[in-house]
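In: can't give you the sequence, but here's the structure:
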């Protein structure tokens, strides 16, 4: 929990990020659904076009939680500025190490309006793409 002096208020990113960490940490799908804005956009490191809307964002994030949850996923750094959080992460999945960044924008109430993912190295991106396709096809 973040300690805040009595008269200090949370920025949209701080408010939303606290909810994001709780949802991901507990794999709480109801909490995940609750923090996504209706007009949310998901930007994949693989897909050319943005995935528009809460439902598509939710589906991609749930699949990512399932796939990355099989490894030792952890956030290693965070940077907050106004309504944006940049979270660096790493994960070992089978014999593949991946490193990436989540760039999350929040509205004034702390709901996620945009979620962009970047992954490196290329081997990890290809491996994750294949694993995500399996998870997404199972969700249908």
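Out: Cool, got the structure. All values derive from a computational prediction rather than experimental measurement.
In: neighbouring contacts of the lengthiest helix in the chain?
Out: For the chain, the helix with the greatest residue count under DSSP state H is helix 122-139. If you take Cβ atoms under 8 Å, 6 or more residues apart in numbering as the criterion, helix 122-139 is touched by 45-46, 59-60, 62-64, 66-67, 93-94, 96-100, 119. C-betas here are computed from N, CA, C, even on glycine.
In: now the residues you listed: which count as buried?
Out: Using 16 or more other Cβ atoms under 10 Å as the burial test, the contacts of helix 122-139 include 45, 59-60, 62-64, 66-67, 93, 96, 98, 100, 119 as buried.
In: Cross these against helices and list the overlap.
Out: Among the buried ones among the contacts of helix 122-139, the members falling in helices (DSSP H) are 59, 60, 62, 63, 64, 66, 67.
In: For residue 107, see how far away residue 69 is.
Out: Relative to residue 107, residue 69 is positioned 27 Å away (Cβ to Cβ, to the nearest Å).
In: er, residue 84 actually
Out: The gap separating residue 84 from residue 107 is 11 Å, by Cβ to Cβ.
In: joint contacts of these two?
Out: Contacts common to residue 84 and residue 107, judged by Cβ under 8 Å, 6+ apart, are absent.
In: Go through stretch 30-40 and flag the buried ones.
Out: Going by neighbour count (16+ other Cβ under 10 Å), the buried part of stretch 30-40 is 32, 35, 36, 37, 40.
In: And the longest helix of the chain, what's buried?
Out: The neighbour-count criterion (16+ other Cβ under 10 Å) identifies 124, 125, 127, 128, 131, 132, 135, 136 as the buried residues of helix 122-139.
In: Closest to residue 55 out of those?
Out: Relative to residue 55, the closest of the buried residues of helix 122-139 is residue 136; by Cβ to Cβ it sits at 13.0 Å.
In: Between residue 69 and residue 107, tell me which one has more neighbours.
Out: residue 107 (16 against 13; other Cβ atoms under 10 Å).
In: Give me the pLDDT value at the most centrally placed residue in the chain.
Out: Nearest to the geometric centre of the chain sits residue 102, at 5.7 Å (Cα atoms, centre = their mean). With respect to pLDDT, residue 102 scores 97.
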